[in-house]
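Undergrad: Provided below for reference: sequence and predicted model.
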Amino acid sequence: MKMMSEQARKDHILSRIDARVKLVSALVLLAMVLSYKGFVFPLATTSLCLFLCITLRVPVRVFILRFSEPLFLAAVILLLKFFFSGKEILFSVHFGIDIVGYRDGLVEGLMIGSRIMAAVSVVALLGFSTPFAEFMAGLSWLRVPRGFIEIMMFAYRYIFVLFEDATVIYNAQKNRLGYSSLKRGLSSFGVLAGSLTLKAFDHSQNTTVAMVQRGYDGNMPMLKHKSFQLSEIAASIVFMGGMGLLWNL
Amino acid sequence: MKVRSAEFGTRNDSSAECGDFGEFSRAVQSAVYKSAGKPGLILLLLSLCPLLTPSDAHAMHIAEGILPFGWAALWFALSLPFVGYGLYRLRKISEADLSFKPLVGLMTAVVFIISLMPVPVPTAGTCSHPCGTAISGILLGPAISVLITAAALLIQALFLAHGGLSTWGADIVSMGVVGSFAGYGMFKIARVMKVNLMVAGFMAGLIADWATYLTTSLELASGVRGDSPFLPLFWKIVVAFIPTQLPLGILEGAMTAGMIGLLSRKRPDLLMKMGVLKPGDALRSGEL
């Protein structure tokens, strides 16, 4: 099992940029996309981010997997808005039932659909180009409370362990006809989830003992921030300025 | 969905693709639904009725970009006091118990895995899933459960494109705040009324799930309605979610009951430590 940041090439210029610069740029871009009234800016943002994802050499399968749901969602919203919402009729066809397309519905659907694709592209690009530990360091720099970051770090570590445990338990249940009837299926599902909780308790105890023996005092160490590169900040400001101009058009 | 159980047992971390979460969880869901038999068929037929009513529902994890800036900011602001209180509780408890933070992290991983079990919502054009917030609320308290949900949602949004950064606040409010408090409240009320432990767990899971979806519908209706009136759209979205939420709420209830039941049989000491059971409860006839 791999997260998004592990799917892309590590030697790309985007992967080398400071996570803090990427994080702030992504948040500003996201705010621009969400506050834009229209679909030109979101479509331009989507194209740019998708192009950058391609240059990051994200595997096609992963790419499709990550973008299929928002793309489908955007398409459904576009169709629903086009055919079921609006006042200004664009066309009307009769096939047993009246099919009516609305001009204002189409515009609204395009607006929401493009906004979804743009926002997903921005966050996906951030996810593909930023390893988890660097992202956590970036959040720490943004003054996100330490306790929250520590929880995320523990969770990230143990997602992989518990996922493996879950597959083993599921296989064992299935091989013993644990899902052969509704009653057994529900019961097995509950036992699977309960077993994960039990393992979570056990792992937390073992981890605490191991960490205390290594000097854990209740606080986890964070990645130390390297100093900002002036060129990265300048490039980010120029990029955001360009996007700002496009946003204002 | 084809169940590929043989593959799950043989894969390791390095060889598996990032889609494995989905494949595994779909296999579990599929196995449960396939095992449903006649009652499942009736439920399925009932659930097909809303297909005739198209609407704009989107997902339990509201997808990135759906909410306009103003609504996204509002829901984020609403979630902040709850997350802040959760952090306060975390700090207080961690001062006395060093194992608490790792435990909260591990429970976050459990909620993460549970809430990645997708069930397609054909009427909404998206996927739905169990929340897992009822059990975290019951075991660790609703304030910590909000924190757990927030962390799980952020990891999913950033590294699996599930949910979103801009909809993080809305997702925290629906899943974390409403789900956790509704589940916890239902469990406590049921226990005060001397309801059996597993039945109370079932009710908590059911209510947490349905309350979460009602809140998600409210968030979606308010965010995407444009100039349309709020209430008709809200009810359309609620109806659109029924095909999955009716059975999924029951599934979540059964899952929560199963979890509570297993914990009470195998590790009643943990339930006592978490304040779910009092020492006398374990001895009550028929309780465990």
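TA: Received the coordinates, thanks. Owing to the predicted nature of the structure, the values given are computational and were not obtained by experimental measurement.
Undergrad: Looking at chain A, which helix is longest?
TA: Of all the segments of type helix in chain A, defined by DSSP state H, the longest one is helix A:182-213.
Undergrad: Can the very next helix or strand once past that helix be said to contact chain B?
TA: Beyond helix A:182-213 in the direction of the C-terminus, DSSP states H and E gives the next helix or strand as helix A:230-248. No: under the criterion of C-beta under 8 Å from any C-beta of the partner chain, chain B is not reached by helix A:230-248; the shortest gap measures 12.2 Å. Just so you know, the C-beta spots here come from the backbone N, C-alpha and C atoms, and that holds for glycine as well.
Undergrad: again, but for stretch A:118-132
TA: Yes: if you take C-beta under 8 Å from any C-beta as the test, stretch A:118-132 does meet chain B, through A:Ala118, A:Ala119, A:Val120, A:Val123, A:Ala124, A:Leu126, A:Gly127, A:Phe132.
Undergrad: List the buried residues in the longest helix of chain A.
TA: Judged by neighbour count (16 or more other C-beta atoms under 10 Å in any protein chain shown), helix A:182-213 contains these buried residues: A:182, A:184-201, A:203-204, A:207-208, A:211.
Undergrad: same deal with stretch B:93-112?
TA: Within stretch B:93-112, the residues that qualify as buried are B:93-94, B:99-112, counting by 16+ other C-beta under 10 Å.
Undergrad: same check, this time on stretch B:256-267
TA: Of the residues in stretch B:256-267, B:Thr256, B:Ala257, B:Gly258, B:Met259, B:Ile260, B:Gly261, B:Leu262, B:Leu263, B:Ser264, B:Arg267 count as buried by neighbour count, 16+ other C-beta under 10 Å.
Undergrad: Correct me if wrong: the second one contacts B:Asn196.
TA: No: look at B:Ala257 against B:Asn196 with C-beta atoms under 8 Å: they stay out of range, at 9.5 Å.
Undergrad: helix or strand for the nearest residue to B:Phe230 once chain neighbours are set aside, which one?
TA: With sequence-adjacent residues excluded and distances taken as C-beta to C-beta, 6 or more residues apart in numbering or on different chains, B:Phe230 is closest to B:Ala221, at 5.8 Å. When elements are assigned from DSSP H and E, B:Ala221 belongs to helix B:197-224.
Undergrad: Now the element after that helix, going C-ward?
TA: From helix B:197-224, the next helix or strand downstream (DSSP H and E) is helix B:230-266.
Undergrad: What is that next one packed up against?
TA: For helix B:230-266, the contact count by 3 or more C-beta pairs under 8 Å, 6 or more residues apart in numbering or on different chains; DSSP states H and E identifies helix A:182-213, helix B:37-48, strand B:119-121, strand B:126-128, helix B:133-140, helix B:197-224, helix B:268-273 as packing neighbours.
Undergrad: Compare the mean pLDDT across the ones you listed and name the weakest.
TA: Comparing the helices and strands packed on helix B:230-266 by mean pLDDT, the weakest confidence falls on helix B:37-48, with a mean of 39.
Undergrad: Next SSE downstream of that helix?
TA: Toward the C-terminus, helix B:37-48 is succeeded by helix B:69-96 as the next helix or strand (DSSP H and E).
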